[in-house]
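[1] Give the three-dimensional model of this entry:
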Amino acid sequence: MNTSGIQSIAVKVSGSNSALLDDADGLQKLMRDIAEAASLHPLESVTHQFSPQGVSSALLLSESHIAVHTWPESGTAYTSMTTCKPLNDVTIQQIQELVGQELAAEDITMKKVDL
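    Predicted coordinates for the structure are as follows:
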């Protein structure tokens, strides 16, 4: 593993459809779609459905992980990804668009940190 190229990408969405934010299977699909877009390799996943609403889910990757946490009552979600495989700007933009599209977000904020 190349630890000199660690990247952390965080995407916060708001104004999202609450039903999408409370769909554990859909959020698992989102994380797998992100991994595929970035040519990353999923290993295992874990998801917790909160009552009455909300989901926290993580996908372990060969290259690190992707996590998503949702607050359907406020239409917000936070997705984070850390990877030791540096991603180019085009791929990062695709990930941002994918998250916004699949969660029907009105507003998207993204931060990228190279470590």
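[2] for residue 7, what are its contacts?
    82-83, 86-87, 112-115 (Cβ atoms under 8 Å, 6 or more residues apart in numbering). All C-beta atoms are positioned from the backbone trio N, CA, C, and that covers glycine.
[3] Show me what it bridges to in the sheet.
    residue 83, residue 114 (DSSP bridges).
[4] Output the contacts of residue 7 in TSV; the columns should cover neighbour count, pLDDT and distance to residue 57.
    Compiled in TSV, the contacts of residue 7 are given as follows (neighbours: other Cβ atoms under 10 Å; pLDDT from 0 to 100; distance: Cβ to Cβ, whole Å):
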residue	neighbour count	pLDDT	distance to residue 57
82	17	96	15
83	20	95	17
86	13	89	24
87	21	93	21
112	15	94	21
113	10	93	22
114	10	90	25
115	10	84	23
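[5] So which residue is dead centre in this protein?
    For the chain, the residue nearest the mean C-alpha position is residue 79 (3.6 Å; Cα atoms, centre = their mean).
[6] what's the spacing between that residue and residue 52?
    22 Å (Cβ to Cβ, to the nearest Å).
[7] With residue 24 instead?
    Residue 24 is 14 Å from residue 52, by Cβ to Cβ.
[8] Which residue of these two possesses the greater neighbour count?
    Neighbour tally, residue 24 and residue 52, criterion other Cβ atoms under 10 Å: the higher count belongs to residue 24, 17 against 7.
[9] Phi, psi for that one please.
    Per-residue torsions, residue 24: phi -60, psi -40 (degrees, to the nearest 10).
[10] what do you get for residue 55?
    phi -140, psi 140.
[11] what's the burial count for it?
    22.
[12] Residue 11 too?
    Residue 11: 25 neighbours (other Cβ under 10 Å).
[13] A strand includes it, no?
    Yes. Residue assignment for residue 11, taken from DSSP: H, G, I helix; E, B strand; the rest coil, places it within a strand.
[14] Show me the beta-bridge partners of it.
    The partner residues for residue 11, given DSSP bridges, come to residue 79, residue 110.
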